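Enquirer: Sequence and computational prediction follow.
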Amino acid sequence: MLDALSAFVRVSTENSKDAGPPGADVKAALTVISRRTAGPAKVTLAGAYIPKAFLNDANLTDITLNDAQLSGVDLPGASLVNANLTTAELSGANVSYANINNANLTSAQLISANLSVRYHDQSHCQMLT
């Protein structure tokens, strides 16, 4: 089911240029994805275009969001443990108090992003530009 929801989000947003939040159908899919429990299922939202999405306290552990457009996204309190955010656009994003342990932020765009963190072990977070 997570594979289908991930594919739906990617395909539904791939040609979007709307700077506003995602539509109701994509929001619903993101809500289900963000409430999942830990398990072997992998979620891949690589290249998804979901600016200004609201993902407060989302479980995005082990998610793949490389090349995703996440500008202005709300991720306060989210779990981004082991997340792949390589080259993701996070300008203006609110990532405050998110758990980013082992997250890969290589070449991610973080201009004006709120990165106040609660759980941060710098030795396990890759933030290279």
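Expert: Now that the structure is in, tell me what you want to look at.

Enquirer: Only C-alpha atoms from now on, for both contacts and neighbour counts.
Expert: Will do.

Enquirer: burial of Lys27, as a residue count?
Expert: Look at Lys27: counted by other CA atoms under 10 Å, it has 17 neighbours.

Enquirer: In which helix or strand does it reside?
Expert: In the assignment (DSSP states H and E), Lys27 maps to helix 24-34.

Enquirer: contacting residues around that helix?
Expert: Identification of contacts with helix 24-34 by CA atoms under 8 Å, 6 or more residues apart in numbering yields Leu2, Leu5, Ser6, Phe8, Val9, Ser12, Val43, Ala53, Leu55, Ala58, Asn59, Leu60.

Enquirer: buried stuff in it?
Expert: Val26, Lys27, Ala29, Leu30, Thr31, Ile33, Ser34 (16 or more other CA atoms under 10 Å).

Enquirer: Off-centre distance for it?
Expert: Counting by CA atoms, centre = their mean, to the nearest Å, helix 24-34 is centred 12 Å from the centre of its parent chain.

Enquirer: tell me the contacts of the nearest residue to Val73 once chain neighbours are set aside?
Expert: Closest residue in space to Val73, ignoring its immediate chain neighbours: Lys52 at 4.0 Å, by CA to CA, 6 or more residues apart in numbering. Contact analysis of Lys52 by CA under 8 Å, 6+ apart lists Ala19, Gly20, Pro21, Pro22, Leu70, Ser71, Gly72, Val73, Asp74, Ala93.

Enquirer: What residue, apart from its backbone neighbours, is nearest the spatially most central residue of the chain spatially?
Expert: In the chain, the centroid-proximal residue (CA atoms, centre = their mean) is Leu65; its distance is 5.7 Å. Closest residue to Leu65 apart from its sequence neighbours, by CA to CA, 6+ apart: Ala46 at 4.5 Å.

Enquirer: Can you report how many residues neighbour Ala38?
Expert: 11.

Enquirer: ok, so what distance separates the closest residue to it other than its chain neighbours from Asp25?
Expert: Spatial nearest neighbour of Ala38, chain neighbours left out: Thr61 (7.8 Å); criterion: CA to CA, 6+ apart. According to CA to CA, to the nearest Å, Thr61 and Asp25 sit 22 Å apart.
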